[in-house]
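>>> Predicted model, plus sequence, below.
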Amino acid sequence: MADAASRLTTLAEELLGGPLPVRLRAWDGSEAGPAGGPVLIVRDRRALRRMIWKPGELGLARAWVAGEIDVEGDLYTLLDRLSGLLWERGEETRGLLDSVRDPKLRAAARSLLRLAGPLPPPQPPAEEMRGRSGSRHSKRRDKQAISHHYDVGNDFYELVLGPSMVYSCAYWTEDGTLEDAQRDKLDLIARKLNLQEGDRLLDVGCGWGSMAIHAAREYGAKVVGITLSREQAAYARKRIADEGLTDLVEIRVQDYRDVTDGPYDAISSIGMAEHVGAAKYREYADDLYALLKPGGRLLNHQISRRPEPDEEAYEVDAFIDAYVFPDGELAPMGRTLTTLEDAGFEVRDVEAIREHYALTLRRWVANLEGDWDRAVRLTSAGRARIWRLYMAASAVSFERNRIGVNQFLAVKTPVSGASGTALRPRVWNEKV
């Protein structure tokens, strides 16, 4: 009988219709596949049982989180090779593992059963999001989703994000540090918003308070930051007190739908709209428009995805939904722009900074890997593995243009038509 690695490799190649581009090592010590690159390790047959019961990405994700699948060598190279095999070969490959009627899948399931050992399947890892209540993107369910992602310990996020405590795409120069790039991003947003001393700024999804602090300290703005995470709010309030900015910055645990104290001169929404959901995005845009004064500005910083040939067939990534951003959704850039315009905004500028996010994610992964044992102590081995995989895979996705990130500058232009925007607005790219 062939060894486990050879059998698994043959099975994978039959399913995928081509050679497996990475080497595979099985639990019995056997290896198969091309040498000289990263090795995909199947440490335990339990991983196969997970894939039988949850074919596709969720079964693989559970095995990864549980430590039953691992990588030896460069994770980015392995993900890049697999992305070329799986993500860029058309719908017939992408949908193969999801079709229970596919004869290849049925044959694969029988082969996996022989390799997998005793059933039933293992329980999902404890880090998986379960027990969601309420309708999708209701206030109650959104709060649960935000808590799942952000209330995992501020010390853990300090380790990953570094001193800036900014959890969104940085804005890079050729030789800057992560902290430099995050500061430059915050300042870029402040300049796009044309913040002036005394302006009221609403920071939607304020995180750990970095944008609020920058706007108050550097521009004299009066800031209200809102978040659904109590841990974020507590951390932000302490930072604000330490900076001596409590007279300029207020942090609230509040849903954006409950903000009623407009008008504001400006609104920043940095990495927040991904949590809103396609069904609620027009409501979100309407609410922000209503909160601005005439002539007020919105800076919406948002991850996008490539348009699907059939937009109705779009599905949220199973791993991200179960372990990272529950109920998170990405929209194509064009849909976001159209929704902002439908809400009444005049979109004055769109800046694509896709490559900047790949650089940012690689720095976060380096921070995590560089202090791995402490990261595990601060959370769990499973959660540390989740963050490593999702950040590395996201970096590859940005590099391959599967996803992007864009800054939309939109104005609540008054009836007079005076937008207040300079004739050559891109001067904000030049540091003064």
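Structure received. Numbers count the residues shown, from 1 in each chain.
>>> Show me what the longest helix along the chain packs onto, helices and strands only.
In the chain, taking DSSP state H as the definition, the longest helix is helix 381-399. Applying 3 or more CB pairs under 8 Å, 6 or more residues apart in numbering; DSSP states H and E, we find helix 381-399 packed against helix 57-65, helix 75-86, helix 354-370, helix 372-378, strand 403-411. Using the backbone N, CA and C atoms, a C-beta is placed for each residue, glycine as well.
>>> tell me the contacts of Glu355?
Going by CB atoms under 8 Å, 6 or more residues apart in numbering, Glu355 touches Phe398, Glu399.
>>> and it, what pLDDT?
pLDDT, Glu355: 97.
>>> Please shift the residue numbers so they start at 542 in all later answers.
From this message on, residue numbering opens at 542, which makes the last subject Glu896.
>>> still on that earlier bit, how far out from the middle of the chain is the longest helix of the chain?
Its chain's C-alpha centre and that of helix 922-940 lie 9 Å apart, by CA atoms, centre = their mean, to the nearest Å.
>>> Then stretch 606-624?
With CA atoms, centre = their mean, you get 19 Å for stretch 606-624.
>>> buried set for it?
In terms of neighbour count (16 or more other CB atoms under 10 Å), stretch 606-624 has its buried residues at 606-607, 609-612, 616-617, 619-624.
>>> Just the terminal-to-terminal distance for that stretch.
For stretch 606-624, the first and last residues are 19 Å from each other (CA to CA, to the nearest Å).
>>> Contacts for it, please.
Taking CB under 8 Å, 6+ apart as the rule, stretch 606-624 contacts 562-563, 566, 578-585, 587-588, 591, 601, 604-605, 663, 666, 668-669, 864, 903, 906, 922-923, 926-927, 929-930, 933-934, 936-938, 940-941, 943.
>>> Please repeat the previous calculation with a cut-off of 7 Å.
Contact with stretch 606-624 is made by 562-563, 578-585, 587-588, 601, 604, 666, 668, 864, 922-923, 926-927, 933-934, 936-937, 941, as judged by CB atoms under 7 Å, 6 or more residues apart in numbering.
>>> what helix or strand does the nearest residue to Glu882 once chain neighbours are set aside sit in?
With sequence-adjacent residues excluded and distances taken as CB to CB, 6 or more residues apart in numbering, Glu882 is closest to Val888, at 6.1 Å. If you go by DSSP states H and E, Val888 is part of strand 887-893.
>>> Only alpha carbons, please: show that strand as PDB.
The C-alpha trace of strand 887-893 is given here as PDB (Å, rounded to 0.1, in the frame of the first residue of the first chain):
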ATOM      1  CA  GLU A 887     -20.200  64.200  -4.400                       C
ATOM      2  CA  VAL A 888     -17.300  61.900  -4.600                       C
ATOM      3  CA  ARG A 889     -14.200  64.100  -5.200                       C
ATOM      4  CA  ASP A 890     -11.400  61.600  -5.100                       C
ATOM      5  CA  VAL A 891     -10.600  57.900  -5.000                       C
ATOM      6  CA  GLU A 892      -7.100  56.700  -4.200                       C
ATOM      7  CA  ALA A 893      -6.200  53.100  -4.500                       C
END
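>>> on that earlier part again, buried members of the contacts of stretch 606-624 into PyMOL, please.
Of the contacts of stretch 606-624, the buried ones can be selected in PyMOL as follows, counting by 16+ other CB under 10 Å:
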select buried, resi 562+563+579+580+581+582+583+585+587+588+601+604+666+668+864+922+923+926+927+933+934+936+937+941
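>>> Could you list everything the residue nearest to Glu882 pairs with in the sheet?
Note on Val888: beta-bridge partners by DSSP bridges are Ala951.
>>> contacting residues for it?
Contacts of Val888 by CB under 7 Å, 6+ apart are Leu878, Leu881, Glu882, Phe949, Ala951.
>>> Distance check, it against Leu734.
14 Å (CB to CB, to the nearest Å).
>>> One more: Leu839?
Taking CB to CB, one finds Leu839 at 8 Å from Leu734.
>>> rewinding a little: relative to helix 598-606, how tilted is the longest helix of the chain?
For helix 922-940 against helix 598-606, the angle by axes from the mean of the first three to the mean of the last three CA atoms, to 10 degrees is 120 degrees.
>>> on that earlier part again, and the contacts of Val888, which is closest to Tyr855?
Leu878 (17.6 Å; CB to CB).
>>> can you pull the contacts of that closest one?
Here Leu878 is in contact with Val888, Val891, Phe949 (CB under 7 Å, 6+ apart).
>>> So it: helix, strand or coil?
Classification of Leu878 using DSSP: H, G, I helix; E, B strand; the rest coil returns helix.
>>> Make sure I have this right: Met670 is in a helix.
No - applying three-state DSSP, one finds Met670 to be coil, outside a helix.
>>> and Gln773, which of the three is it?
Strictly by three-state DSSP, Gln773 counts as helix.
>>> hang on, isn't it packed against Ala753?
No - Gln773 is not in contact with Ala753 according to CB atoms under 7 Å; the separation is 11.3 Å.
>>> Which residue of the two possesses the greater neighbour count?
Ala753 (30 against 25; other CB atoms under 10 Å).
>>> so which helix or strand takes in that one?
helix 751-760.
>>> which strand in the protein runs the most residues?
strand 833-846 (DSSP state E).
>>> Now do stretch 726-745: distance to the chain's middle.
23 Å.
>>> Check the separation of the first and last residues in it.
Terminal-residue distance, stretch 726-745 (CA to CA): 16 Å.
>>> what's next to that stretch, contact-wise?
So stretch 726-745 is contacted by 710-712, 751-753, 755-756, 759-767, 797, 800, 805-811, 813, 832, 838, 840, 842, 950, 969 (CB under 7 Å, 6+ apart).
>>> Filter the residues you listed down to the buried ones, ChimeraX style.
Buried subset of the contacts of stretch 726-745, written as a ChimeraX selection, criterion 16+ other CB under 10 Å:
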select :710,711,712,751,752,753,755,756,760,762,763,764,765,766,767,797,800,805,806,807,808,809,810,811,813,832,838,840,842,950,969
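>>> Tally up the residues packed near Glu715, please.
Residues lying near Glu715 (other CB under 10 Å) number 4.
>>> Now Cys747. Nearest residue, chain neighbours left out?
Gly766 (3.0 Å).
>>> Spit out the contact partners of the one you found.
For Gly766, counting by CB under 7 Å, 6+ apart, the contacting residues are Asp744, Cys747, Gly750, Ala753, Ala777, Val790, Ile792.
>>> Great, nothing more from me.
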